[in-house]
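Colleague: Predicted model and sequence below, questions to follow.
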Amino acid sequence: MIDIAELADRHLDAARADPHGRSAEVVAHDGELRQSVIALTAGSGLGEHNSPNAATLQVIRGRVRVGSADGDVEAGAGQLWVLTHERHSVHAVDDSVFLLTTVTGLGRPSHG
């Protein structure tokens, strides 16, 4: 069993100590399904990257902004967002932790 609250605390502490303000860990990997806990300090982020075949972002703590050609979307603690199939970036508005769930390897290239 995975304790998401404990993981969030641990990774937020690690992100605060990291010079780039980030910490991440794959917490579940089952075939094409992957779930990762990602912590970002306020103002840090993940640069623009391709979208996997399918993905959701669930904010556990804080607030993040996902930017794409379609515009920016902000999500806060407790919110779940289905990521678009466009290239996108993620930036922390506040110190934040989110659970990224992806489905990969379906015999199709990733979107973007």
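Modeller: Nice, thanks for sending it over.
Colleague: Which pLDDT value goes with residue 70?
Modeller: The pLDDT attached to residue 70 in the predicted structure is 80.
Colleague: quick one: it and residue 87 touch, right?
Modeller: No. Between residue 70 and residue 87 there is no contact under CB atoms under 8 Å: 10.4 Å. Heads up, the C-betas are built off the backbone N, CA and C, glycines and all.
Colleague: Give the intersection of the neighbour lists for the two.
Modeller: Shared contacts of residue 70 and residue 87 (CB atoms under 8 Å, 6 or more residues apart in numbering): none.
Colleague: Name the residue in the two with the higher neighbour count.
Modeller: residue 87 (16 against 10; other CB atoms under 10 Å).
Colleague: Name the strands paired with the helix or strand of the chain with the lowest mean pLDDT and say parallel or antiparallel.
Modeller: Least confident helix or strand of the chain, by mean pLDDT, DSSP states H and E, is strand 45-49 with a mean of 85. As defined by DSSP bridges, the strand partners of strand 45-49 come to strand 88-92 (antiparallel).
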